[in-house]
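Peer 1: sequence and computational prediction follow.
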Amino acid sequence: MRLSGPEFETALQKLEDLWSLLYIHAVTDNLIHDASAAAKEHALRAYDALHLASLSAFSGRSLTLACWDRELRDAARERGIPLLPERL
């Protein structure tokens, strides 16, 4: 199904509104280093470690991790990061 011109414009505006609510974080050398350490410390896969390191980089902000991966949830819980859902 294709969007009509007006539907596309409405959808694009909604996307821009949502995008403005996101925290954008660059993947830096420091972040990769932190992710590598998290992977070793918690036996995480690469992307899970990167997610955990990214969350940790935003310390001081009230962030919650929505996640259904048990290993990542356990690692986040060890770091005191709130989880959704609270229980699996």
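Peer 2: Happy to help now that I have it.
Peer 1: I'd guessed Ala75 sits against Lys40; true?
Peer 2: No. The pair Ala75 and Lys40 does not pass the contact test of C-beta atoms under 8 Å, sitting 11.3 Å apart. To be clear about C-beta, it is placed using only N, CA and C from the backbone, and glycine gets the same treatment.
Peer 1: can you check the pLDDT for the closest residue to Ala46 other than its chain neighbours?
Peer 2: Spatial nearest neighbour of Ala46, excluding adjacent residues (C-beta to C-beta, 6 or more residues apart in numbering): Ala39 at 6.5 Å. Turning to Ala39, the model gives it a pLDDT of 98.
Peer 1: which non-adjacent residue is nearest the residue positioned nearest the centre of the chain?
Peer 2: Nearest to the geometric centre of the chain sits His51, at 5.2 Å (C-alpha atoms, centre = their mean). Distance criterion C-beta to C-beta, 6+ apart; nearest residue to His51, sequence neighbours excluded, is Leu72 at 6.5 Å.
Peer 1: I'd say that neighbour and Asp48 touch.
Peer 2: Yes. With contact defined as C-beta under 8 Å, Leu72 counts as touching Asp48 (4.4 Å).
Peer 1: this structure: strands as residue ranges?
Peer 2: 65-66, 83-84 (DSSP state E).
Peer 1: turn these into TSV, columns for mean pLDDT, mean neighbour count and distance to Leu55.
Peer 2: Listed next are those as TSV, based on pLDDT from 0 to 100; neighbours: other C-beta atoms under 10 Å; distance: least, C-beta to C-beta, whole Å:
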stretch	mean pLDDT	mean neighbour count	distance to Leu55
strand 65-66	94	13	6
strand 83-84	95	14	11
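Peer 1: distance to Lys14 added to those, as CSV?
Peer 2: Formatted as CSV, the strands of the chain follow (distance: least, C-beta to C-beta, whole Å):
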stretch, distance to Lys14
strand 65-66, 20
strand 83-84, 22
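Peer 1: Asp29 is nearest to which of the ones you listed?
Peer 2: strand 65-66 (23.5 Å; C-beta to C-beta).
Peer 1: thank you, goodbye.
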